[in-house]
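[1] after the sequence you'll find the predicted model.
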Amino acid sequence: MAMFGQLTQRLQGALRGLRGAAKVDERSFDTMARELRLALLEADVHFQVVKRFLAAVKERALGQDVQGSLTPGQQVIKIVNDELVELLGGESSELRFSGRSPHVVMMVGLQGAGKTTSTGKLGRWLRSRGRSPLLVSVDVQRPAAREQLAIVAQQAGLTAFDPTAAGLAAGLAADAVGLAKAAYAEARRRGDDVLLVDTAGRLHIDAEMMGEAKAIAAAVQPEHILYVGDSLAGQDAVEAATAFGAELELSGHILTKLDGDGRGGAALSIVSVTGAPIYFAGVGEKLEEFEVFHPDRLASRILGMGDVLTLIERVQEQVDVDEAAGLEKRLRRGEFTLEDFGKQLKQMQKMGPLSQLMDLVPGMAGAGMQGMGDAPAVDDREITRVQAIIDSMTPAERRRPKLVNGARRRRIAAGSGTEVQDVNRLLKQYTRAHKLIKKIGKKGGRGMSWANLPGMR
């Protein structure tokens, strides 16, 4: 994850000296703790949070017996991981509903944090869990706020409340509290079981915005009030969440832009400072790039230990099982075409940037962004170029690459916006990979590994 890339490197550096250490005394611990402190403070983690975190680690590290299967150094690393999980909220928090429907979820936060997009993402997520959400924008201050939510709702396959279609008077449609009440009545009429209320934001906290939010909450009695925070804002996001929490009873948080290049201080501080859990994380601009927040998984990623469970979930969501089974059979028969390769690339792209996926693999943290060993950093644009070349071929050329002569290569290069050399390189890599696949197929697929295919790394 790009956001925690620098923090991951610093933490790994601080803990590297402890791996395999036969003894961890107070002196070596203090050296490690000093590096941890600097790494966390540079990541914009609240200084009080850093202080409590290190005190908890020290108390456990120097006061506990070592587990039989771990060396003292490994034990300290495990304690750092455990305390990092606690810092991020401990166990995952599930968004539960009780009582009669429609259940109201109110989205609050500053302008530009991503409330409207997060409302659409949450609505899409709820629908995938069998819910029927209705969306409403009660932002009467910002021009086109209602239209923006309507567009997001349409993209997510959801419905946004339209006061004009509902026959609301102009005065009522310009009143945030009136809009919220009317949308609640519409949700009941339609039989929707969740109402998502997208409230107005400002560039900063002010009394008018807080007063309006409190009035809306009093009118529709939300079951959940979720603070939507921009993780790139660092401690500013934490301070804003604290201010909202002082006026409203926050249920939890949605952190946006966790795929960005910020330092991660908001994610590591917000739970400890506000006392409310993080429910969801936005990991991209697309509506499907929205994840349930798992503290243990993020802690594992931050320490460079990967996140296999999230990787498996992404694969399960995007990979067609029947198609994958068919591809496996063809591979075992030694059959593999550029058409197959193009389909695999498209499925992989649906799971997110390759550099982001590599961070989920244990031991590969940071490799996607900065490379590993002699290998260069992953460039997702290269995958796009390869996909463009394959898409510019005819179906016959994709199935029988031997048909691609000089004239066809020039046509494919022109059609894909690449150079002939790029087409030549892809065909050469495919030829080498295909020969190896045929060789492996003759052995019944034993020892087959994508990592061993030339050019596929």
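    The structure has been received and is ready for your questions.
[2] going forward, measure contacts between C-alpha atoms and count neighbours the same way
    Noted.
[3] grab the most central residue of this structure for me.
    Val283 (2.8 Å; CA atoms, centre = their mean).
[4] ok, Ile216 touching Ala182?
    No - if you go by CA atoms under 8 Å, Ile216 and Ala182 don't touch, sitting 11.7 Å apart.
[5] give the contact list for Ala215.
    Counting by CA atoms under 8 Å, 6 or more residues apart in numbering, Ala215 touches Val177.
[6] where does the residue nearest to the centre of the chain fall, phi/psi-wise?
    Backbone torsions of Val283, given as degrees, to the nearest 10, read phi -120, psi 20.
[7] what's near enough to touch it?
    So Val283 contacts Thr256, Lys257, Leu258, Asp259, Glu289, Phe290, Glu291 (CA under 8 Å, 6+ apart).
[8] okay, and the helix or strand of the protein with the least pLDDT?
    helix 367-370 (a mean of 49; mean pLDDT, DSSP states H and E).
[9] right, and the helix or strand after that one?
    helix 380-391 (DSSP states H and E).
[10] any buried residues in that following helix, and which?
    Residues Ile383, Arg385, Val386, Gln387, Ala388, Ile389, Ile390, Asp391 are the ones in helix 380-391 that count as buried (16 or more other CA atoms under 10 Å).
[11] identify the residues contacting the last one.
    If I follow you right, that is Asp391. Contacts of Asp391 (CA under 8 Å, 6+ apart): Gly342, Ser416.
[12] quick one: what helix or strand has Gln148 in it?
    helix 145-155.
[13] ok now that helix, how far from the chain's centre?
    Computed by CA atoms, centre = their mean, to the nearest Å, the chain-centroid distance of helix 145-155 equals 22 Å.
[14] list the contacts of it.
    Thr116, Thr117, Gly120, Leu135, Val136, Ser137, Val138, Asp139, Thr159, Ala160.
[15] put the alpha carbons of it into CSV.
    Extracted C-alpha coordinates of helix 145-155, given in CSV (Å, rounded to 0.1, in the frame of the first residue of the first chain):
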residue,chain,number,x,y,z
ALA,A,145,-24.3,18.3,-4.8
ARG,A,146,-27.6,16.5,-5.4
GLU,A,147,-26.8,15.9,-9.0
GLN,A,148,-23.4,14.5,-8.1
LEU,A,149,-25.0,12.0,-5.7
ALA,A,150,-27.5,11.1,-8.4
ILE,A,151,-24.7,10.3,-10.8
VAL,A,152,-22.8,8.2,-8.2
ALA,A,153,-26.0,6.3,-7.3
GLN,A,154,-26.7,5.6,-11.0
GLN,A,155,-23.1,4.2,-11.5
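[16] pLDDT on that helix, on average?
    Throughout helix 145-155, pLDDT has a mean value of 95.
[17] relative to the following helix or strand past it, what are the paired strands and their orientations?
    Downstream of helix 145-155, the next assigned helix or strand under DSSP H and E is strand 159-160. Next to strand 159-160 in the sheet, as set by DSSP bridges, lie strand 133-137 (parallel).
[18] quick one, the partner strand and helix 145-155 angle?
    Relative orientation of strand 133-137 versus helix 145-155 (axes from the mean of the first three to the mean of the last three CA atoms, to 10 degrees): 160 degrees.
[19] wait, Phe336 sits on Lys329?
    No - counting by CA under 8 Å, Phe336 stays clear of Lys329, with 10.1 Å between them.
[20] which one's more surrounded, the two?
    Phe336 (20 against 13; other CA atoms under 10 Å).
[21] now, which of the contacts of helix 145-155 sits nearest Ala166?
    Ala160 (11.4 Å; CA to CA).
[22] what is the burial count for the residue lying closest to the closest one once chain neighbours are set aside?
    In space, Ala160 comes closest to Leu135 once its chain neighbours are excluded; the distance is 4.5 Å by CA to CA, 6 or more residues apart in numbering. Residues near Leu135, counting by other CA under 10 Å, number 27.
[23] what do you get for Ala217?
    22.
[24] just the element for it, please.
    Ala217 belongs to helix 207-220, assigned by DSSP H and E.
[25] let me know the average pLDDT across that helix.
    93.
[26] what of stretch 257-276?
    82.
[27] could you pull out the strands in the stretch 101-250 of the chain for me?
    Along the stretch 101-250 of the chain, the stretches classed as strands by DSSP state E, counting those that start in this stretch are 103-108, 133-137, 159-160, 194-198, 224-230.
[28] I'd like to know which of the ones you listed is closest to Ser93.
    Closest among these, using CA to CA: strand 224-230, at 12.7 Å.
[29] now the helices for the stretch 251-400 of the chain?
    All helices of the stretch 251-400 of the chain, identified by DSSP state H, counting those that start in this stretch, fall at 265-274, 295-302, 308-318, 321-332, 338-350, 354-358, 367-370, 380-391, 395-399.
[30] go through those helices and find the least confident stretch.
    When I compare the helices of the stretch 251-400 of the chain, helix 367-370 is least confident, with a mean of 49.
[31] pull the number of nearby residues for the residue lying closest to Val108 once chain neighbours are set aside.
    Closest residue in space to Val108, ignoring its immediate chain neighbours: Tyr227 at 5.0 Å, by CA to CA, 6+ apart. Tyr227 has 28 neighbouring residues, counting by other CA under 10 Å.
[32] do you know the pLDDT at Tyr227?
    So Tyr227 comes in at 96 (pLDDT).
[33] show the contacting residues for it.
    Contacts of Tyr227 by CA under 8 Å, 6+ apart are Met107, Val108, Gly109, Ala241, Phe244, Leu250, Gly252, His253, Ile254.
[34] next one: it from Met106, what distance?
    9 Å (CA to CA, to the nearest Å).
[35] run through who's touching stretch 78-93.
    By CA under 8 Å, 6+ apart, the residues outside stretch 78-93 that reach it are 53, 56-57, 60-61, 267-269, 271-272, 277-279, 293-296, 298-300, 303.
[36] coming back round to it: check what pLDDT the residue nearest to Ala160 gets.
    pLDDT at Leu135 comes out at 97.
[37] type out the ChimeraX command that picks the buried ones from the contacts of stretch 78-93.
    Buried residues among the contacts of stretch 78-93 (16+ other CA under 10 Å), as a ChimeraX selection:
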select :53,57,61,267,268,269,271,272,277,278,279,293,294,295,296,298,299,300,303
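[38] report pLDDT for Leu88.
    89.
[39] please tell me how far it sits from Asp162.
    38 Å.
[40] so which of those two has more stuff around it?
    More neighbours surround Leu88 than the other of Leu88 and Asp162, with 23 against 20 (other CA under 10 Å).
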